[in-house]
Structure formats: structure tokens, C-alpha cells
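In: next come a sequence and a model predicted from it.
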Amino acid sequence: MAEEYPEGAIPEEHTNPGGDVEMGEGEGEAGDDPRGSGLTTTGDGSELPFAEGGDVEPRKSFISYLTSPVVTLLVGSEDTETILTAHQALLVQSPFFADACAAFADDGSPRQVELPGEDIDAVGCFLEYLYTGDYFPRKIAGQRTLEQDPSLPSVDETGQQLLKHARVYTLAEKFGVEKLKSLASSKIHCVNSTAKGEITYARYIYQYTSKDDTTVRAPVANFWATRSHTLRAEAEEEFRSLCLEFPQFGYDVLTRVLDDKLKRERNDKLHPAPGSARKRARHSNV
């Protein structure tokens, strides 16, 4: 019997079928360095940076970040360009921005970095993470859910909530911020979506991530492989279109379906059910 979900909603484990431990769980929780710099925090919130070999390094105050030069970020195309600013000492914790800022001259000339093809909301989440160690919506402690955004429905019918975290993930990949990648990936697991929302998300993942990126691609393929009997009924045309647009998606889903079938057959051979042995065909004398 096909699984039934209220109002077409798909449970939050959509990107983690089989109950596997989700990747990136715990990123951005209390105790992590809010700027991804490898600092640890004590109970009173003070920072204790440790060098290799266990030597304690001098504490770097947050004021030192705020007194560093301000860098201008030009986000988007010329028609929709948005100007943002951030402190250089925070930005350079990203290898991408470290290289960009290394080219600045100390002669008072403008310090700016152009990001013409980036999503403004994703860049905003990136900057929020640099300054606070997380981005909205945050994960609720002890639960596999996110803070509720009053402007959005509880069920992601269009895939926009999934895309929000997917865009942060790909941006963190480009900027080389691994902790933010893990955090965004873990938040994807907390979104409650529908089949059409999942199609939108899968299309983005297969368009903007590499073939070898199993962190987000594998859960997408596993999800469709294990629930295709339910999901195709809700979005069969969209599913077909996605398979034609991205043959690798269809191949990944089919591979997992066949792998699961092979595992079941092997399990049946090792542990046959009572009375399930195949009988010889009976010969007839008629």
C-alpha cells in the first residue's frame, strides 16, 4: 500500500531514507566558532584558540574583526546589482575571499569584490553565518526541525525552502567554507516538502553540483528510488522531464532501485522464508 501523507506533504526524512545518520548534523550548534575559524568557546562565551601541539594562542577579540577594513560586495547582474559590505577579517576565513583580498592595495583605493552570478539571499545567509555562526532559519535544539518562517507555509510545495539551503550549500562550496556546507546540508534534511518541491530541488542539485558530490546527490537519488511509487503519482510528468533533462539523475535512481532489488534477493537466499522454496515443475502424462 502506498504511503499517505497529509496534504501531499513528504516527511522530513526525504533526504535521508533508511534512517541513516544525516550528514552535517550538529554544525552551527553552541560551542562552534561563529566565524568558522577553528576557535572553541568556554561556558562564558570566551574563545580559546589552540595551536597545534596544544599551545594556547593569544585570544583574538571580536572587536579586532570589526575594526578591520570594510570590503564592498557587488552581488548580481548590472540590472539587479546589490551592494553589501563586510569586514575583511571575517571574509578572509574563506579561501575565495582570502585570495581576492590579497590583491587589495593599502593605498586607500576601493576594496570591492564582484559576485555577478550569485543569489543575493544566499550571500546574505553566508554573511549572517560569518558574523553569528548560523543563518535563519536555525535548527531547533533537540529536534529535527527549523524555526518557522511566518512568511512561508509549513510545507514546501514549490521547493523554494529546499532551494534556499541548496544555494547556501553551493555558495559555501565555491567560497570553501566546509562548516557552512555541512550546516546547509543538515538543514535540507529538516524541510518538509511535496513531490513537486522535491523535483525543483533535485533539478537544482543536478545542475549546480558535481557528479562526485555524494553529500547531496546520493540522498536525492535514494529518496526518489525508495518513494517513486508514491511520488510519480503526484508529479509523473515533472519526474519524466527531469530524467530526460538530467540522464545522470535517472541513472542514479535506477541504480539504487536495482541495488535494493539485488540486496533483497541475496537476503532471501540467505534467509528463505518457511515454505518459500521453489518447487519443481510437475510433469504431466496427459
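Out: Yes, it's here.

In: which strand or helix spans the residue nearest in space to the middle of the chain?
Out: By C-alpha atoms, centre = their mean, the chain has its centre lying nearest to S185, at 2.5 Å. Counting by DSSP states H and E, the element that carries S185 is helix 178-188.

In: other SSEs contacting that helix?
Out: Judged by 3 or more C-beta pairs under 8 Å, 6 or more residues apart in numbering; DSSP states H and E, helix 178-188 is in contact with helix 120-132, helix 160-175, helix 214-245. In short, each C-beta sits where N, CA and C put it, glycine included.

In: I'd like to know which elements the helix or strand that the longest one is followed by is packed against.
Out: Tracing the chain past helix 214-245, the next element assigned as helix or strand by DSSP H and E is helix 247-270. Helices and strands in packing contact with helix 247-270 are listed as helix 195-208, helix 214-245; criterion 3+ C-beta pairs under 8 Å, 6+ apart.

In: give me the average confidence score over helix 247-270.
Out: Throughout helix 247-270, pLDDT has a mean value of 83.

In: I'd like the distance from that helix to the chain centre, please.
Out: The offset between the C-alpha centroid of helix 247-270 and the centroid of the whole chain comes to 25 Å, using C-alpha atoms, centre = their mean, to the nearest Å.

In: again, but for stretch 87-100
Out: 22 Å.

In: likewise for stretch 194-206?
Out: How far stretch 194-206 lies from its chain's middle: 13 Å, per C-alpha atoms, centre = their mean.

In: which helices and strands sit right next to the host helix or strand of A100?
Out: Using DSSP H and E, A100 sits in helix 95-102. Secondary-structure packing of helix 95-102 (3+ C-beta pairs under 8 Å, 6+ apart): helix 88-91, strand 112-115, helix 160-175.

In: distance of F126 from V56?
Out: Using C-beta to C-beta, to the nearest Å, we find F126 at a distance of 30 Å from V56.

In: so which of the two has more stuff around it?
Out: F126 (27 against 9; other C-beta atoms under 10 Å).

In: just give the nearest non-adjacent residue to that one, would you?
Out: L171 (5.7 Å; C-beta to C-beta, 6 or more residues apart in numbering).

In: test my guess that the one you found contacts E118.
Out: Yes: at 6.5 Å, L171 counts as touching E118 under the criterion of C-beta atoms under 8 Å.

In: neighbour-wise, which of these two wins?
Out: Neighbour totals were compared for L171 and E118, and L171 leads with 23 against 20 (other C-beta under 10 Å).

In: show residues contacting the helix holding A100.
Out: Contacts to helix 95-102, defined as C-beta atoms under 8 Å, 6 or more residues apart in numbering, come from residues 71, 88, 91-92, 111, 113, 174-176.

In: same list (these) but as CSV, adding distance to Y131.
Out: Formatted as CSV, the contacts of helix 95-102 follow (distance: C-beta to C-beta, whole Å):
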residue, distance to Y131
V71, 14
Q88, 13
L91, 11
V92, 14
R111, 18
V113, 17
K174, 19
F175, 15
G176, 18
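
In: can you put these in TSV and add pLDDT, distance to V216 and neighbour count?
Out: Shown next, in TSV, are the contacts of helix 95-102 (pLDDT from 0 to 100; distance: C-beta to C-beta, whole Å; neighbours: other C-beta atoms under 10 Å):
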residue	pLDDT	distance to V216	neighbour count
V71	97	29	22
Q88	96	30	17
L91	97	25	25
V92	96	27	18
R111	95	33	18
V113	97	26	18
K174	97	14	16
F175	98	16	21
G176	97	17	15
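
In: of those, closest to F246?
Out: Proximity of the contacts of helix 95-102 to F246 (C-beta to C-beta) peaks at K174, which lies at 20.7 Å.

In: residues in contact with that closest one?
Out: So K174 contacts F96 (C-beta under 8 Å, 6+ apart).

In: rewinding a little: out of the contacts of helix 95-102, which comes closest to A218?
Out: Nearest to A218 among the contacts of helix 95-102 is K174, at 20.6 Å by C-beta to C-beta.

In: what is the burial count for I63?
Out: 8.

In: my guess is C243 meets L254, correct?
Out: No: counting by C-beta under 8 Å, C243 does not reach L254; the two are 9.1 Å apart.

In: circling back to that earlier point, got the buried residues for the helix holding A100?
Out: By neighbour count on 16 or more other C-beta atoms under 10 Å, the buried set for helix 95-102 is 96-97, 100-101.

In: try stretch 253-266
Out: For stretch 253-266, a neighbour-count test (16+ other C-beta under 10 Å) marks 253, 256 as buried.
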